[in-house]
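Asker: sequence and computational prediction follow.
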Amino acid sequence: MPIPARIPEDQVVELAEMFRLMSDPTRLKIILACLDAPAAVGEMADRLGISGSLVSHHLRLLRAARLLQADRRGRQVFYVVGDPHIRSMLADMVDHVAEGDVELEA
């Protein structure tokens, strides 16, 4: 899909903000934890070795940027990368990084 030659300024700002949010390693780990299946705050906190309140803080920012979606199930909220564009871009970038590791080993 070609990238438009001229992207409106407000969209450039929004895109830059999304990349800024994803540039934080903790937030990126949270997003990746929600890539394959929905995950709850406690599960992410345990998996990442950080407090639930810190996970919740990052989740608030990621939801506001529409990088993650929330799904309430009873008393728990599960987070997932619901947008296929975000999912595809992250999966492609993970594959790209993994290819670099293979090339270095050769």
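Answerer: The structure has been received and is ready for your questions. Numbers count the residues shown, from 1 in each chain.

Asker: kindly list the longest helix within this protein.
Answerer: helix 84-105 (DSSP state H).

Asker: what is it packed up against?
Answerer: Counting contacts by 3 or more Cβ pairs under 8 Å, 6 or more residues apart in numbering; DSSP states H and E, helix 84-105 packs against helix 25-33. (C-beta placed from N, C-alpha, C; glycine too.)

Asker: quick check: angle from the helix it packs on to helix 84-105?
Answerer: Put simply, helix 25-33 runs at 110 degrees to helix 84-105, going by axes from the mean of the first three to the mean of the last three Cα atoms, to 10 degrees.

Asker: gap between the helix or strand following helix 25-33 and the chain center?
Answerer: Remark: after helix 25-33, the chain's next helix or strand is strand 39-40, criterion DSSP states H and E. Distance of strand 39-40 from the chain centroid (Cα atoms, centre = their mean, to the nearest Å) equals 13 Å.

Asker: on the C-terminal side of strand 39-40, identify the next helix or strand.
Answerer: With elements assigned by DSSP H and E, the helix or strand that comes after strand 39-40 is helix 41-48.

Asker: C-alpha coordinates for that following helix, PDB please?
Answerer: C-alpha atoms of helix 41-48 as PDB (Å, rounded to 0.1, in the frame of the first residue of the first chain):
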ATOM      1  CA  VAL A  41      -3.600  -6.200  34.200                       C
ATOM      2  CA  GLY A  42      -2.500  -8.800  36.800                       C
ATOM      3  CA  GLU A  43      -1.300 -11.200  34.200                       C
ATOM      4  CA  MET A  44       0.800  -8.500  32.500                       C
ATOM      5  CA  ALA A  45       2.200  -7.300  35.800                       C
ATOM      6  CA  ASP A  46       3.300 -10.800  36.700                       C
ATOM      7  CA  ARG A  47       4.700 -11.500  33.200                       C
ATOM      8  CA  LEU A  48       6.600  -8.200  33.100                       C
END
